[in-house]
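Participant: Coordinates for the following, if possible.
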Amino acid sequence: MRARCQNDPGGYAPRMARTETLSRTMHDVGLAAWFGGSLKDAVDPRASAGPMPLNAAAIGAHVLGALELTWANKKRIKDQKGVATTALVKAGVTGAALVATAFAQRKPAARWAVPALTGAMLSLNALMGEQQRPKEVAKGVFQRYVPGL
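Facilitator: Modelled structure (predicted):
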């Protein structure tokens, strides 16, 4: 038997509440490794040895985790004022970081753009964490549906 569960994307989950622990781990550890690896490459370009399978795995883990978290939070993104904007900004910064990462292999000047952009993504993650506090969720949903108050 399935019980109604609000944090489940489909609205239904087994009696035990669904969590996004694996997705959050992939998202956060992937971003941390991407940031750290790119900072190492910017500080010491001689340490870079061409294509980085570990960096590619980190980026892939981050992107997959981000997609799952976006799917899991789609209702909150729609209903809570400010969350969609933050999510769109983060998606844009992520896209720019992906492009900068590709260029950093060939253009040394782009090497500092990657840690700058992934650092910005870390800051956006902090903002998104604040937006998930119950008080902020209630305030954002209220502002979305009762504008002007």
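Participant: do you know how far Asp44 is from Ala102?
Facilitator: Distance of Asp44 to Ala102, computed by CB to CB, to the nearest Å: 20 Å. Placement of C-beta: from N, CA and C, glycine included.
Participant: what about these two, which has more around it?
Facilitator: Taking neighbours as other CB atoms under 10 Å, Asp44 and Ala102 compare with Ala102 leading, 12 against 9.
Participant: distance of that one from Asn125?
Facilitator: 22 Å.
Participant: So the residue nearest to Met52 when sequence neighbours are not counted: helix, strand or coil?
Facilitator: Distances taken as CB to CB, 6 or more residues apart in numbering put Gly37 closest to Met52, at 6.6 Å, once the chain neighbours are dropped. At Gly37 the chain is in helix, as set by DSSP: H, G, I helix; E, B strand; the rest coil.
Participant: roughly how far apart are the residue nearest the centre of the chain and Gln105?
Facilitator: Centroid-nearest residue in the chain: Ala66, 4.6 Å away (criterion: CA atoms, centre = their mean). Ala66 sits 22 Å away from Gln105, taking CB to CB as the criterion.
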